[in-house]
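> here is a sequence with its predicted model. Questions after.
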Amino acid sequence: MTTPDYDAIVLGAGAAGLMCAAIAGQRGRRVLLLDHADAPGKKILISGGGRCNFTNVHTTPDRYISANPHFAKSALARYTPADFIALVDAYGIAHHEKTLGQLFCDGSAKQVVAMLLDECAKGGVDLRCGQPVQEVAHADGRFAVGFGDQIFATPNLVIATGGPSIPKMGATGFAYDLARRFGLKVVEPRPALVPLTLGGDDVLFRDLSGVATPVEARAGKAAFREAALFTHKGLSGPAILQISSYWRHGEAVTIDFLPDAAPGWLADTKRMRPRTTLRAALGVQLPDRLAETLADRLALPGELGALTDRKLAEAEARLARWAFHPNGTEGFAKAEVTVGGISTAGLSSQTMMAKSVPGLYAVGEAVDVTGWLGGYNFQWAWASGYAAGQAL
Ligand code: FDA
């Protein structure tokens, strides 16, 4: 059965789809918003431990990973953290900065979903959930979308179905399949903001499960100074999640366990306390179990006074560039986002419309733009959703 037309159909009622639909609806467009899940905004609800880290006040384009680092600039400039904060404030949603510019609700992520649904209602958006999107056909500049047993037609279709991270929550690679069908390229998707797994020689570090310490983690040219956490599978914590987005299979992740230590600190310690051991010297600055494991690995037993400055400098250098060789990640099941996605080469950075398919748009995580941990991914969802919503 074919039903009346819409000006736009948005596939996916997540962060980007809700924003896009609300903006287009409030501009007078007749918008249909479809989702296969039984309720909208599920990832928003679980985000930030249930408090939704909805933006980051330090948002800049260099905090996003994409094959084209310039692509996100236009949308991010036209819908900023201040714009989203103004919306949140207008709804009286109390919030606070937790750390590093990350804004969270004081109350619950439910408030953000309720706000977006209210914005959609203001725009008269027709939201339908809980049916599979069956089939998308395209002919004569019009899209026909099968949803349950109905077929809806429109000249404008927005892909907002996100990435494959956390399939348990209804995440799929649907966006990529659809994009490919329309001739758009997809940059190889990889799990990102994801714990790394350790094997081989590094496997012993798994015994430190539960130990956390501030570090500087590096992979290639990227470096993050935050906490690392040892897990029963390998490495996690904010510094590791951040670096995982840059890490490639086969590469090392190097950890500086004492990023604040002054050069020569071990030789200085030897002069001040020659009878102390390396294990004890490390124990002053690091959690006990970690100090023990590192000292064992460095294999410099006895008192510091008996060791040469050269040996101590070598130990210091290793502690500053401890190389782990992850054998993988915990995969899409545990990844907060996806690096890669619909190639920006085929999209307009102004409107998010496909250059080769007039009327087809892609927004949010489905696109090859991935933010750092800390509210950057929602800011991209709002900004890209807004850009398309303005263009529809
Ligand atoms: P999103 O995934 O939100 O929405 C896609 C929608 O499409 C979903 O509703 C889904 O059901 C629907 N869909 C999928 N396939 C479909 C199909 N075949 N047919 C119909 N519908 C389909 N970011 C951040 O900035 N701050 C934070 O605090 C967090 N915290 C966080 C915690 C956890 C556990 C996760 C997994 C992720 C985060 N993130 C985050 C990342 C953030 O959630 C993510 O970047 C955005 O939700 C992306 O928004 P989108 O709208 O693009 O996709």
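Noted; the coordinates are in hand. Bear in mind that the values here come from a model prediction, so they are computed numbers and not experimental data.

> can I assume residue 144 sits in a strand?
Yes: assessed with DSSP: H, G, I helix; E, B strand; the rest coil, residue 144 lies in a strand.

> where along the stretch 201-350 of the chain do the strands fall?
212-219, 222-230, 234-236, 253-256, 322-324, 328-329, 337-342 (DSSP state E, counting those that start in this stretch).

> which secondary structure elements does the longest one sit against?
In terms of contacts (3 or more C-beta pairs under 8 Å, 6 or more residues apart in numbering; DSSP states H and E), strand 222-230 is packed against strand 212-219, strand 234-236, helix 238-244. (C-beta placed from N, C-alpha, C; glycine too.)

> for it, what does the pLDDT average out to?
For strand 222-230, the mean per-residue pLDDT is 98.

> enumerate the positions of it that are buried.
223, 224, 226, 228, 229, 230 (16 or more other C-beta atoms under 10 Å).

> just the C-alphas of it, formatted as PDB.
Presented in PDB, the C-alpha positions along strand 222-230 are these (Å, rounded to 0.1, in the frame of the first residue of the first chain):
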ATOM      1  CA  ALA A 222      48.500  10.500  18.200                       C
ATOM      2  CA  ALA A 223      49.000  11.000  21.900                       C
ATOM      3  CA  PHE A 224      46.500  11.100  24.800                       C
ATOM      4  CA  ARG A 225      47.200  11.900  28.400                       C
ATOM      5  CA  GLU A 226      44.500  10.400  30.600                       C
ATOM      6  CA  ALA A 227      44.000   7.300  32.700                       C
ATOM      7  CA  ALA A 228      44.700   3.800  31.400                       C
ATOM      8  CA  LEU A 229      43.100   0.700  33.000                       C
ATOM      9  CA  PHE A 230      44.300  -2.800  32.900                       C
END
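
> any idea how far that strand is from the chain center?
With C-alpha atoms, centre = their mean, to the nearest Å as the basis, strand 222-230 stands 15 Å off its chain's centre.

> also the last one?
A distance of 9 Å separates the centroid of the chain from that of strand 337-342, by C-alpha atoms, centre = their mean.

> whether the next helix or strand after it contacts the ligand - can you check?
Using DSSP states H and E, the helix or strand that directly follows strand 337-342 along the chain is strand 360-362. No: if you take C-beta under 6 Å from any ligand atom as the test, strand 360-362 misses the ligand, and the best it gets is 9.5 Å.

> and for strand 360-362, what's in contact with it?
Contacts to strand 360-362, defined as C-beta atoms under 8 Å, 6 or more residues apart in numbering, come from residues 20, 138, 143, 156-160, 175, 179, 182, 184, 342, 347, 351-354, 388, 391-392.

> swap the cut-off to 7 Å and go again
Residues outside strand 360-362 that contact it (C-beta atoms under 7 Å, 6 or more residues apart in numbering): 156-159, 175, 179, 182, 342, 347, 352-354, 388.

> now swap in stretch 372-379 and tell me
With C-beta under 7 Å, 6+ apart, stretch 372-379 has contacts from 15, 53-56, 59, 63-64, 81, 84, 100-103, 193, 238, 241-242, 337, 365, 371.

> quote the end-to-end distance of it.
The first residue of stretch 372-379 is 11 Å away from its last residue (C-alpha to C-alpha, to the nearest Å).

> before we move on, what about stretch 36-45?
Stretch 36-45 has an end-to-end distance of 16 Å (C-alpha to C-alpha).

> could you do stretch 289-309 as well?
Using C-alpha to C-alpha, the two ends of stretch 289-309 sit 25 Å apart.

> which non-adjacent residue is nearest the residue of the stretch 151-300 of the chain found nearest the ligand?
In the stretch 151-300 of the chain, no residue comes nearer to the ligand than residue 162, which is 2.8 Å away by C-beta to the nearest ligand atom. What sits nearest to residue 162 in space, not counting adjacent residues and going by C-beta to C-beta, 6 or more residues apart in numbering, is residue 365, at 4.6 Å.

> tell me the secondary structure at the one you found.
Residue 365 - assigned by three-state DSSP - is helix.

> and stretch 140-158, anywhere near the ligand?
No: judged by C-beta under 6 Å from any ligand atom, stretch 140-158 stays clear of the ligand, getting no closer than 8.4 Å.

> distance from that stretch to the middle of the chain?
30 Å.

> excluding its own residues, what touches it? List them.
Outside stretch 140-158, the residues that touch it by C-beta under 7 Å, 6+ apart are 1-3, 5-11, 17, 20, 32, 34, 128, 131, 133-137, 358-361, 363, 388, 392.

> endpoints of it, how far apart?
Per C-alpha to C-alpha, the first residue of stretch 140-158 is 17 Å away from its last.

> please list which of the contacts of stretch 372-379 are also close to the ligand.
Checking the contacts of stretch 372-379 against the ligand (C-beta under 6 Å from any ligand atom), the matches are 15, 53, 337, 365.
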